[in-house]
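S.K.: Sharing a model that was predicted from the sequence below.
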Amino acid sequence: MDRTDYGIVLELQKNARLSNKELAAKVHLAPSSCLERVRKLVQKGVLRGFHARADPEKLGIGTQAMIQVRLVRHSRDQVENLRAHILSLPETVGFFHLTGEFDFLVHVAVRNPHHLRDLALDAFTTRPEVAQIQTSLLYSVEQKTVWPCFLAAENGG
């Protein structure tokens, strides 16, 4: 990847709805060259999808939380089984496998605190892999939508 590829990635992260012509102008390429580079970035897996951001409240999501999960045992099977289960839950927004006191951190989005309680009881504490959970409500959520492409570009790619 070169600076132009990083520029394409950065611009598409800011606005995936840019037309190829608009994108080409932003990164100073001919539209045909820009289109070919975007195709190659998709083929290489650098660009993994194009997404729309939705307002959680307008979707009926009134509560978000982080659930910390401690495993009973640290076997590959237990980790993979619980990981697959957590990612299958429609309430799961993000999943992190960690070092430290807890093994997983799970960002969930639910309708209300009652839904959160039911999710914790039904989807987490009933699992044989789970030793303990700890839940923290999120007062607000701010996420950057742009990966810092400039870091790799500044260091020569």
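M.R.: Thanks, I have it. Residues are numbered from 1 along each chain as shown.
S.K.: Skipping its backbone neighbours, what lies nearest the residue sitting nearest the centre point of the chain in space?
M.R.: Compute the mean C-alpha point of the chain, and by CA atoms, centre = their mean the closest residue is Gly94, 5.5 Å away. Counting by CB to CB, 6 or more residues apart in numbering, His107 is the residue found nearest to Gly94 once chain neighbours are left out, at 3.7 Å. C-beta: built from backbone N, CA, C; applies to glycine.
S.K.: Check which helix or strand Gln68 maps to.
M.R.: When secondary structure is defined using DSSP states H and E, the element that contains Gln68 is strand 63-71.
S.K.: how's this structure carved up into domains?
M.R.: Domains of the chain are assigned by automatic domain parsing as 3-52, 57-137.
S.K.: quick one: contacts for the residue of the chain most remote from its centre?
M.R.: Taking CA atoms, centre = their mean as the measure, the residue most remote from the mean C-alpha position of the chain is Ala30, 32.0 Å away. With contacts defined as CB atoms under 8 Å, 6 or more residues apart in numbering, Ala30 is in contact with Ala24.
S.K.: where does this protein dip in pLDDT?
M.R.: Of all residues in the chain, those with pLDDT under 70 make up the ranges 149-157.
S.K.: All the strands of it, residue numbers only.
M.R.: Assigned by DSSP state E, the chain shows strands spanning 63-71, 92-97, 104-110, 130-137.
S.K.: now those strands as TSV including distance to Glu11?
M.R.: TSV is the format used below for the strands of the chain (distance: least, CB to CB, whole Å):
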stretch	distance to Glu11
strand 63-71	29
strand 92-97	24
strand 104-110	27
strand 130-137	35
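S.K.: And those strands: which comes nearest Asp55?
M.R.: Across these, Asp55 has its closest neighbour in strand 104-110 (11.7 Å, CB to CB).
S.K.: name the helices or strands packed onto the closest one?
M.R.: strand 63-71, helix 76-88, strand 92-97, helix 113-119 (3 or more CB pairs under 8 Å, 6 or more residues apart in numbering; DSSP states H and E).
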